[in-house]
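Chemist: Model the structure of this input:
(one chain, ligands or ions: 1)
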Amino acid sequence: MEQDIRIYVEESPGQRRELAAPTDMGLSLMELLRASGYPIQATCGGMALCATCHVEVLAGPALPDPGDDELDMLATLPVQHEGSRLSCQIRLAPRTDGLVLRLVD
Ligand code: FES
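Modeler: From the prediction side, this is the model:
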């Protein structure tokens, strides 16, 4: 069994909450955030079609580049950040250990 990884959510400037997550269940970052009580609607069920799971990656390991579906959906958002991602498209894996992010309304 693999060890849990750590994901950090910046809830306000300087305030980070640490989440522990398994990597052997095929969870997405969106699913972890919802299970941790964050109010993400995920109306599309994780299909990169609603953007309600928008997060800004602030620091941490390099992630795989977004796919075309994710890029298309991000392009429709009124506000984008340099680290904007759809959390449903980020699979929790050892390479995502140490990710720091904040939710974007
Ligand atoms: S849950 Fe809909 S785009 Fe991520």
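Chemist: Could you measure from the most centrally placed residue in the chain over to A62?
Modeler: The chain has S87 as the residue nearest its centroid, 3.1 Å off, counting by Cα atoms, centre = their mean. Note on S87: its distance to A62, by Cβ to Cβ, to the nearest Å, is 16 Å. All C-beta spots, glycine's among them, are computed from the backbone N, C-alpha and C.
Chemist: for this structure, what spans make up the helices?
Modeler: 29-35, 68-75 (DSSP state H).
Chemist: Just give me the neighbour total for the nearest residue to D97 once chain neighbours are set aside.
Modeler: What sits nearest to D97 in space, not counting adjacent residues and going by Cβ to Cβ, 6 or more residues apart in numbering, is I5, at 3.8 Å. As a burial measure, I5 scores 20 neighbours (other Cβ atoms under 10 Å).
Chemist: partners of I5 in the sheet?
Modeler: A21 (DSSP bridges).
Chemist: Tell me the residues of this protein that contact the ligand?
Modeler: Counting by Cβ under 6 Å from any ligand atom, the residues of the chain lying close to the ligand are 30, 42, 44, 46, 48-53, 73, 86, 88.
Chemist: Let's see which of those end up in strands.
Modeler: With DSSP state E as the criterion, strands contain L86 from among the residues of the chain next to the ligand.
Chemist: Give the residue spans of the chain that score low on pLDDT.
Modeler: In the prediction, the chain carries residues with pLDDT under 70 at positions 1.
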